[in-house]
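Chemist: Here is a sequence with its predicted model. Questions after.
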Amino acid sequence: MRIDGRVTSIQIEDDFWRLLKHQAATEGETLSVLLTRLRRQVPASENFTSTLRLHCFRSVTATLARREAALTELAAAGAREDAVALLAMLPMPALLLDARRTIAARSIAFLDWIGVPAEAVDGRRFEVLVARSARDALDELWGRCQREPRGRPVDGIVNLVVAGRVRIARLSLRRTSAGGAFVLF
């Protein structure tokens with residue numbers, strides 16, 4: 001691994017590596033470039049591995065805060081047209097499901113994330129994307145979402161199957177007034 005032009009090694013847990021690689025890819029840079037940028041932000045005397053762990057924690061916390069803010073904004077949208085317009089602008093993968101779990105709207109980021117064209121998901125039931133083995137988990141999440149007071153999110157994990165690949169997805173559902181749900185990934 002090269003950090004700031006120097007060959008080095010870093011011992012850190014796999015979960016942190018996954019987060020760092022995901023962040024680098026999301027920001028359109030290599031892992032080496034991300035690590036160099038982070039190294040330059042702290043004094044050389046600091047434990048860099050601890051710095052990376054703290055960076056990952058802050059990154060996940062910020063992502064959760066953005067997700068919560070987006071859910072709050074979507075829940076506050078009065079008319080369905082407002083919600084669809086807001087959804088389209090979200091920079092994160094998101095869906096609006098109707099009461100039958102049909103995909104009523106989605107963000108562009110959702111299509112980019114799963115790598116399929118709009119016609120592959122628009123108007124289709126969400127279950128089509130969920131692995132058969134995860135459908136019970138989806139049913140349980142949906143039931144919890146429908147029982148929660150409007151506006152309170154329900155978080156969970158399901159396996160999506162897209163283009164023959166299984167993708168583990170952490171999602172937040174928030175019930176709509178029409179009995180559907182906003183889903184953020």
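Modeler: That came through fine. Residues are numbered from 1 along each chain as shown.
Chemist: quick one: contacts for R2?
Modeler: R2 makes contacts with T8, S32, T36, as judged by Cβ atoms under 8 Å, 6 or more residues apart in numbering. The C-beta positions use only the backbone N, C-alpha and C, and glycine is treated the same way.
Chemist: So what sits opposite it in the bridge?
Modeler: Taking DSSP bridges as the rule, R2 bridges to V7.
Chemist: and it, what pLDDT?
Modeler: Looking at R2, its pLDDT is 81.
Chemist: can you check V154 too?
Modeler: 89.
Chemist: so what's it bridging to?
Modeler: Note on V154: beta-bridge partners by DSSP bridges are L173.
Chemist: Count the residues that sit near it.
Modeler: 19 (other Cβ atoms under 10 Å).
Chemist: now it: how far from V33?
Modeler: 37 Å (Cβ to Cβ, to the nearest Å).
Chemist: Hmm, L96 and R106 touching each other?
Modeler: Yes. Assessed by Cβ atoms under 8 Å, R106 is found in contact with L96 at 7.2 Å.
Chemist: sec struct for L160, please.
Modeler: Put simply, L160 is strand when judged by DSSP: H, G, I helix; E, B strand; the rest coil.
Chemist: my read: it touches R167, true?
Modeler: Yes. If you go by Cβ under 8 Å, L160 and R167 touch, sitting 4.7 Å apart.
Chemist: between those two, what contacts are shared?
Modeler: I114.
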